[in-house]
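S.K.: Model the structure of this input:
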Amino acid sequence: MIKIKVNGKEKEIADNVPIFNFLSENKIVLDGVFVGYNGAVIAKNKLGGIILKNGDILEIIRIAAGG
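M.R.: As a prediction, the model looks like this:
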């Protein structure tokens with residue numbers, strides 16, 4: 001098990017989990033979402049190739065329409 005931070009909250013997850021799988025397991029739909037990984041925005045097509053490691057920081061930001 002490893003510990004990561006997601007939107008400022010610590011979570012414990014299994015080892016060797018790609019970001020894409022983490023998002024899917026947590027029912028996070030990628031439409032209208034930006035994913036920050038250790039301070040950088042990651043393209044959606046790269047999420048499956050990045051394995052989460054102990055101490056990583058994810059920021060999941062939803063785009064909200066307003067007026």
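S.K.: Who is the residue most central in space within the chain paired with across the strands?
M.R.: In the chain, the centroid-proximal residue (CA atoms, centre = their mean) is Leu58; its distance is 4.7 Å. On the basis of DSSP bridges, Leu58 takes part in beta bridges with Val6, Tyr37.
S.K.: you'd agree it is up against Pro18?
M.R.: No. Using CB atoms under 8 Å, Leu58 is not in contact with Pro18; the gap is 11.9 Å. Yep, even glycine has a C-beta here, placed from its N, CA and C like the rest.
S.K.: Which neighbours do the two have in common?
M.R.: Here Leu58 and Pro18 have Leu52 as joint contacts, going by CB atoms under 8 Å, 6 or more residues apart in numbering.
S.K.: if we can go back for a sec, show me what contacts the residue nearest to the centre of the chain?
M.R.: Contacts of Leu58 (CB under 8 Å, 6+ apart): Ile4, Lys5, Val6, Asn7, Ile19, Phe22, Val35, Gly36, Tyr37, Leu52.
S.K.: Selection in PyMOL covering whichever of these are buried, please.
M.R.: The following PyMOL line selects those of the contacts of Leu58 that are buried, judged by 16 or more other CB atoms under 10 Å:
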select buried, resi 4+6+19+22+35+37+52
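S.K.: Let me have the contacts of Leu58 in a markdown table, extended by distance to Ile13.
M.R.: As requested, these are exported to a markdown table (distance: CB to CB, whole Å):
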| residue | distance to Ile13 |
| --- | --- |
| Ile4 | 6 |
| Lys5 | 11 |
| Val6 | 9 |
| Asn7 | 14 |
| Ile19 | 11 |
| Phe22 | 7 |
| Val35 | 15 |
| Gly36 | 17 |
| Tyr37 | 14 |
| Leu52 | 7 |
